[in-house]
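Chemist: Model the following, please.
(one chain, ligands or ions: 1)
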Amino acid sequence: MTERKRFWIIKCPRCQTYQIADSRNKSKTCSQCSRRFEILELAILTSAKDAREARAIVAELKMPRTTASEPKVI
Ligand SMILES: [Zn+2]
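Modeler: Numbering: from 1, shown residues only. Just a heads-up that it's a prediction; the model follows:
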């Protein structure tokens, strides 16, 4: 298997918005605040094999966690 993950999930250093970066690119401009940054200087949170998977991951990251705060009704 030589399949490589092509998309990286990173966070904008200025506004902390999740961004999908193509791993072939060196830099990216934030869709939220228009800040331009070098992808390799940032921590890569996770990676995805295609844009669809990357978007699904970002959607999940944005989702608030309900497990800790929601009390269970027994
Ligand atoms: Zn930003």
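Chemist: Would you tell me which residues of the protein are close to the ion?
Modeler: Proximity of the chain to the ion, by Cβ under 5 Å from the ion, involves residues 12, 14-15, 17, 30, 32-33, 35. Every C-beta, even on glycine, is put in place using the N, C-alpha and C of the backbone.
Chemist: can I get those residues in a markdown table with pLDDT?
Modeler: A markdown table is the format used below for the residues of the chain next to the ion (pLDDT from 0 to 100):
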| residue | pLDDT |
| --- | --- |
| 12 | 96 |
| 14 | 95 |
| 15 | 96 |
| 17 | 95 |
| 30 | 96 |
| 32 | 95 |
| 33 | 97 |
| 35 | 97 |
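Chemist: Make a PyMOL selection of whichever of the residues you listed turn out to be buried.
Modeler: Here is the PyMOL command that picks out the buried ones among the residues of the chain next to the ion, judged by 16 or more other Cβ atoms under 10 Å:
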select buried, resi 12+30
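Chemist: from the residues of the chain next to the ion, which two are the most distant?
Modeler: Pairwise distances across those peak at 9.6 Å for 17 and 35 (criterion: Cβ to Cβ).
Chemist: how about the helices in this protein?
Modeler: Assigned by DSSP state H, the helices in the chain fall at 51-62.
Chemist: ok, the residue nearest to residue 37 when sequence neighbours are not counted to residue 60 distance?
Modeler: Closest residue in space to residue 37, ignoring its immediate chain neighbours: residue 13 at 5.7 Å, by Cβ to Cβ, 6 or more residues apart in numbering. Distance, residue 13 to residue 60, using Cβ to Cβ, to the nearest Å: 22 Å.
Chemist: who's more crowded, the two?
Modeler: residue 13 (14 against 9; other Cβ atoms under 10 Å).
Chemist: Verify the contact between that one and residue 43 for me.
Modeler: No: judged on Cβ atoms under 8 Å, residue 13 makes no contact with residue 43 at a distance of 9.9 Å.
Chemist: List the contacts of the residue nearest the centre of the chain.
Modeler: Centroid check for the chain by Cα atoms, centre = their mean gives residue 9 as the closest residue, at 2.8 Å. Residues in contact with residue 9 (Cβ atoms under 8 Å, 6 or more residues apart in numbering) are 18-21, 44-48, 54, 57-58, 61.
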